[in-house]
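K.L.:
Here you go, sequence then predicted model.
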Amino acid sequence: MKKIFNLFLLIYTFTLTPLFSDEVLARVDGESISKKDVNEFVVKSIPGATFNALTSVQKKAVLNQMIDRKLFLEDAKRSNIEKNTEYQQALKKMQENLMLDYWMKAKVEEIVISEDEAKKYYFKNSEKFSKPASVKVRHILLPSNGEALKLIAQLSKSSQLKNKFIELAHAKSTGPSAVNGGELDWFVYEQMVPEFSEAAFALKVGSITKKAVKTQFGYHIIYLEDKKEQGSMAYEMVKEDIVKVLRLSKFKMKLAKLSKKLKKTANIIVE
């Protein structure tokens, strides 16, 4: 049952790929290979990719693979592989799995989750939808405490602190973010080494650390650009996910009940 349920999950969480035209890219012995066919092949082979996103060289290589596939398939048919017992057994198993997948998908889509049910789950499980505090900083990384203190002194005298910080980050920082004026993406406390996070979260927006912050990477001067306090994700943002969770929960219970019901009338012999 667990395997069947996992198969369902794959289908239920499947994201539809953009529609592609039936433009014919090649013909092999009269059979066409469309742009849609090739895109489906790319999506299955390279998660997150599409045919249109490939380079011209990659497109040509993929199309050649599709042509080879057509040729190999024709050769397989000529070899009467369809009469092979092992092939027939495997085909039957695939058909059964596919039938179960679509049956389960249909059963899940029958389940209706009301607005009240979804909101009740949202408020009852509020901790699951909380957003931790996060900050956006710039930093200057230096090899010694002495160099860091000199720059802190320069920055403390500046009337345009942010602009001066960006200027010095470009010129003096040894970190990879130097090219961006020391800018880092938004992060939560746990995403950085403790010393760095402790100093960054203690700052007021628009201020810098008065001392160099020592970490395993060197000595940092940190400038706090912005801060978001801890809060909760809005209901509308998570409603779709909540509906999925509740549907799956109800489906699991429905499946267990159906299993018991069917077992009562089935002739089951365990050997």
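P.N.:
Here it is on my side, so go on. Not measured: the values here are computed from a predicted model.
K.L.:
And the helices in the stretch 101-250 of the chain?
P.N.:
115-124, 145-157, 161-172, 194-202, 235-265 (DSSP state H, counting those that start in this stretch).
K.L.:
Next one: Trp103 from Phe217, what distance?
P.N.:
55 Å (CB to CB, to the nearest Å). (Glycine included, C-beta is placed from N, CA and C.)
K.L.:
Oh, that last question was meant for Ser79, not what I typed.
P.N.:
In terms of CB to CB, Ser79 sits 61 Å off from Phe217.
K.L.:
So between these two, which is more surrounded?
P.N.:
Phe217 (14 against 10; other CB atoms under 10 Å).
K.L.:
picking that back up, nearest to Lys44, of the helices of the stretch 101-250 of the chain?
P.N.:
helix 235-265 (23.2 Å; CB to CB).
K.L.:
Which neighbouring elements make contact with that closest one?
P.N.:
helix 2-12, helix 85-110, helix 115-124 (3 or more CB pairs under 8 Å, 6 or more residues apart in numbering; DSSP states H and E).
K.L.:
Same list (those) but as JSON lines, adding mean neighbour count and mean pLDDT.
P.N.:
Converted to JSON lines, those look like this (neighbours: other CB atoms under 10 Å; pLDDT from 0 to 100):
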{"stretch": "helix 2-12", "mean neighbour count": "12", "mean pLDDT": "44"}
{"stretch": "helix 85-110", "mean neighbour count": "12", "mean pLDDT": "94"}
{"stretch": "helix 115-124", "mean neighbour count": "13", "mean pLDDT": "95"}
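K.L.:
is it possible to export these to a markdown table including distance to Asn64?
P.N.:
Shown next, in a markdown table, are the helices and strands packed on helix 235-265 (distance: least, CB to CB, whole Å):
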| stretch | distance to Asn64 |
| --- | --- |
| helix 2-12 | 29 |
| helix 85-110 | 26 |
| helix 115-124 | 49 |
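K.L.:
Could you point out which of the helices of the stretch 101-250 of the chain sits nearest Lys70?
P.N.:
helix 235-265 (38.1 Å).
K.L.:
Right, I'll call it a day here.
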